[in-house]
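Q: Build me a structure from this.
(chains A and B)
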Amino acid sequence: EAGVAQSPRYKIIEKRQSVAFWCNPISGHATLYWYQQILGQGPKLLIQFQNNGVVDDSQLPKDRFSAERLKGVDSTLKIQPAKLEDSAVYLCASSLEGGTIYGYTFGSGTRLTVV
Amino acid sequence: ILNVEQSPQSLHVQEGDSTNFTCSFPSSNFYALHWYRWETAKSPEALFVMTLNGDEKKKGRISATLNTKEGYSYLYIKGSQPEDSATYLCAFRNNDMRFGAGTRLTVKP
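A: Model prediction:
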């Protein structure tokens, strides 16, 4: 089966600019996650979708980050405006049933550098 | 322990050495413990999902053990190879999935 697709792989922007990331999960996976992994830290959950509804966005900085999953399939994560501290790898993952038994399938991530 | 902690942060070994890392997690409200391997520029790859105290899992030269009562899991690699070089992440699952910062392993030929 095809894996989780993410694009772009790399992005360099200046602070205060906007950026968007795209994710296409594994077909049939109802749950989709966006994680932020800052160098030296573990991945941190930004937002979790179940189909096209938000399950958890408690750690999403909503003043600048937004995410949507309109048709319950692919998803976009946007940062507007970007700050230097947003430099990180943004990982998208999907799972069948919330990931308890089989875990998550991750994409290869988008490495964002804000200068 | 409130968070997931992994040690060591990084490790350099010679090809053929055996090695192990530790993942410590909250011992209450345990549901599952996941191990992932993350090679540079690739996707994190699921290694093991462990749910029962005393669980031992094995995949080739890699194995893991779980102690839910004291809140730790060990990952062992027997006879390390250069292709084992990666960051090994553990994640503790109760209401959500909480990741450690990982152990970065470098295996020198």
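Q: Tell me what residue 36 is bridged to.
A: Unless you meant another one, I'm taking chain A. Beta-bridge partners for residue A:36, by DSSP bridges, are residue A:44, residue A:90.
Q: oops, chain B please
A: Beta-bridge partners of residue B:36, as defined by DSSP bridges: residue B:46, residue B:89.
Q: what does the model give it for pLDDT?
A: Predicted confidence (pLDDT) for residue B:36: 96.
Q: go on, the one 4 residues further on?
A: Note for residue B:40: predicted pLDDT of 89.
Q: ok, it - contacts?
A: residue B:86 (Cβ atoms under 8 Å, 6 or more residues apart in numbering or on different chains). C-betas here are computed from N, CA, C, even on glycine.
Q: What parts of chain B come near chain A?
A: Contact residues (Cβ under 8 Å from any Cβ of the partner chain) of chain B with chain A: B:4, B:31-32, B:34, B:36, B:41-46, B:49, B:51, B:89, B:91, B:93, B:96-102.
Q: Report how many residues lie close to the residue of chain B found nearest chain A.
A: Going by Cβ to the nearest Cβ, chain A is nearest to residue B:99 of chain B, at 3.6 Å. Neighbours of residue B:99 under the rule other Cβ atoms under 10 Å in any protein chain shown: 23.
Q: Spit out the contact partners of it.
A: Counted by Cβ under 8 Å, 6+ apart, residue B:99 has contacts A:35, A:42-44, B:4, B:89-91.
Q: hmm, which of these are the buried ones?
A: Buried subset of those (neighbour count, 16 or more other Cβ atoms under 10 Å in any protein chain shown): A:35, A:42-43, B:4, B:89-91.
Q: Closest one of these to residue B:24?
A: Nearest to residue B:24 among the buried ones among the contacts of residue B:99: residue B:4, at 7.2 Å, using Cβ to Cβ.
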